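Novice: The amino acid sequence is not available; the structure is as follows:
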């Protein structure tokens, strides 16, 4: 009986410590996120790059970070224009998306080109930012999106993801 209790306690401790901090690492790119976020999608893109999506868990949550990189050195403005086009097409004319002008900023202390966006969908106002940058022979596109009403709930998760995004 002691052995079963010991094994069960170990499993529970491992599960608890695992859920406290989730992480991903592949091809020199690593990311960590809070335990109330989960990786909802991933695709190695047949070796041409990688795509993964992180979403805040729970009912009526709206936090989303989508990270894509391709193993090609593509100019940031060109990659950002591709992202905008894909974003438009993903909504199939269900929402009018308004983009800001491109501007220079940083993501995870990396110089980036970005655009902000907003749209209304099913009565909810959404906003977000798409960042692009090139590093170590890869072109990165990072989309951060949320319902405006969830901004306070998503802030810590977005911050942890950005602060723990590394490319080596």
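Specialist: Thanks, I have it. Not measured: the values here are computed from a predicted model.
Novice: Give me the phi and psi for residue 100.
Specialist: The phi/psi pair for residue 100 (degrees, to the nearest 10) reads phi -80, psi 170.
Novice: Surely residue 43 is in contact with residue 66?
Specialist: No. Assessed by C-beta atoms under 8 Å, residue 43 is found out of contact with residue 66, at 10.9 Å. Every residue, glycine included, has its C-beta placed from N, CA and C.
Novice: give the contact list for residue 49.
Specialist: Residues in contact with residue 49 (C-beta atoms under 8 Å, 6 or more residues apart in numbering) are 68-72, 138.
Novice: Could you check how far it is from residue 60?
Specialist: 32 Å (C-beta to C-beta, to the nearest Å).
Novice: Next: residue 132.
Specialist: Separation of residue 132 from residue 60 (C-beta to C-beta): 30 Å.
Novice: Between residue 43 and residue 66, tell me which one has more neighbours.
Specialist: More crowded of residue 43 and residue 66, by other C-beta atoms under 10 Å: residue 66, with 20 against 11.
Novice: The more buried one and residue 55 touch, don't they?
Specialist: No. With contact defined as C-beta under 8 Å, residue 66 does not count as touching residue 55 (9.2 Å).
Novice: so which helix or strand takes in residue 158?
Specialist: helix 151-163 (DSSP states H and E).
Novice: For the chain, just list every one of the strands.
Specialist: Secondary structure of the chain (DSSP state E): strands at 21-26, 29-34, 37-43, 49-56, 64-70, 98-99, 103-107, 110-121, 124-135, 138-147, 166-167.
Novice: Paired strands for the fifth one, with orientation please.
Specialist: Which is strand 64-70. Next to strand 64-70 in the sheet, as set by DSSP bridges, lie strand 49-56 (antiparallel), strand 138-147 (antiparallel).
Novice: again with the last one
Specialist: Neighbouring strands of strand 166-167 in its sheet, by DSSP bridges, are strand 29-34 (antiparallel).
Novice: Give the buried residues for the strand it pairs with.
Specialist: Residues of strand 29-34 classed as buried by neighbour count (16 or more other C-beta atoms under 10 Å): 29, 31-34.
Novice: Would you format those as CSV with pLDDT and distance to residue 149 included?
Specialist: Formatted as CSV, those follow (pLDDT from 0 to 100; distance: C-beta to C-beta, whole Å):
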residue, pLDDT, distance to residue 149
29, 97, 31
31, 97, 26
32, 97, 26
33, 97, 21
34, 94, 19
